[in-house]
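Peer 1: 3D, please:
(chains A and B)
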Number of protein chains: 2
Amino acid sequence: MTMATISTAGGHYTLINVFRVAPENQRRMYDIILEATGVITAFPGYVSANVHLSDDGTRVVNYAQWRSKADFEAMRAHPAVQEHFAACRALAEIEPIFCRVAYTHEV
Amino acid sequence: MTMATISTAGGHYTLINVFRVAPENQRRMYDIILEATGVITAFPGYVSANVHLSDDGTRVVNYAQWRSKADFEAMRAHPAVQEHFAACRALAEIEPIFCRVAYTHEV
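Peer 2: Numbering: from 1, shown residues only, chains lettered A, B, ... in the order given. Got it, this is the predicted structure:
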């Protein structure tokens, strides 16, 4: 089973990427993100991708982890990923939230 | 070390709660969420809370996991949490994304 962990100790650079879509496009958006992930996972510093589907159909959220901001930026600037990003932008309004884990609590 | 896991196998009901704030209020928003979490963790079905601070200061994101939607809804309707929710609404524009994990990949 594949599984990512959320922890303040990991020190990962985290991108919570929110894709707003029309509900009829949620599945297509999901497929495009998975296609992009297939390319992105080969880049140095990639840690994990975790794709979520909202109940109401209007969001796809990728909770992505990278070793560092520099690794993420190098990937984002690479020619190989530009067509994937363009496909995402064509279908969704994208709100990227670059952040770090400040607090975690689990029962 | 406290640590949450993201997995399609967990079957958790996930709420990615995005709090938009003025940068000068990010720390206060974070404190309010932690105060609320101190109350919420006592409810049945609570699994984890994972609070993130955006680099640009304009977001606090709580990635929260519950055993089920019914457990979450019972907590949300309880009188004990209403003042905490009101405090959140007073400071932030809140975008709650109720979702499930559809795909995870980790190196």
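
Peer 1: Show me the helices in chain A, by range?
Peer 2: Ranges of helices within chain A are A:26-40, A:69-77, A:79-91, based on DSSP state H.

Peer 1: got the contact list for the residue positioned nearest the centre of chain A?
Peer 2: The centre of chain A sits closest to residue A:62, judged by Cα atoms, centre = their mean, with a distance of 3.4 Å. Counting by Cβ atoms under 8 Å, 6 or more residues apart in numbering or on different chains, residue A:62 makes contact with A:15, A:16, A:17, A:19, A:33, A:37, A:49, A:50, A:51, A:52. All C-beta atoms are positioned from the backbone trio N, CA, C, and that covers glycine.

Peer 1: Now that residue A:5 has come up, it's in contact with residue B:5, right?
Peer 2: Yes: counting by Cβ atoms under 8 Å, residue A:5 does reach residue B:5; the two are 5.4 Å apart.

Peer 1: Tell me where chain A is predicted with low confidence.
Peer 2: A:1-2 (pLDDT under 70).

Peer 1: list the helices and strands the top strand by length along chain A packs on?
Peer 2: Across chain A, the longest stretch assigned as strand under DSSP state E is strand A:93-106. Under the contact criterion of 3 or more Cβ pairs under 8 Å, 6 or more residues apart in numbering or on different chains; DSSP states H and E, strand A:93-106 touches strand A:13-20, helix B:26-40, strand B:46-54, strand B:59-66.

Peer 1: Need these in TSV (columns: distance to residue A:58).
Peer 2: What follows is the helices and strands packed on strand A:93-106, written out as TSV (distance: least, Cβ to Cβ, whole Å):
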stretch	distance to residue A:58
strand A:13-20	6
helix B:26-40	24
strand B:46-54	21
strand B:59-66	17
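
Peer 1: Ranking these by mean neighbour count, which comes first?
Peer 2: Mean neighbour count (mean count of other Cβ atoms under 10 Å in any protein chain shown) peaks for strand B:59-66 among these, with a mean of 25.

Peer 1: Give me the sheet partners of that strand and which way each runs.
Peer 2: When pairing is defined by DSSP bridges, strand B:59-66 lines up against strand B:13-20 (antiparallel), strand B:46-54 (antiparallel).

Peer 1: that older thread, bridged to the residue nearest to the centre of chain A, which residues?
Peer 2: Beta-bridge partners recorded for residue A:62 (DSSP bridges): residue A:17, residue A:51.

Peer 1: again with residue A:93
Peer 2: residue A:20.

Peer 1: now residue A:98
Peer 2: With DSSP bridges as the rule, residue A:98 is bridged to residue A:15.

Peer 1: burial of residue A:70, as a residue count?
Peer 2: 12 (other Cβ atoms under 10 Å in any protein chain shown).

Peer 1: Check the gap between the nearest residue to residue A:78 once chain neighbours are set aside and residue A:36 for me.
Peer 2: Of all residues not flanking residue A:78 in the chain, residue A:43 sits nearest, at 7.2 Å (Cβ to Cβ, 6 or more residues apart in numbering or on different chains). Per Cβ to Cβ, to the nearest Å, residue A:43 is found 11 Å from residue A:36.
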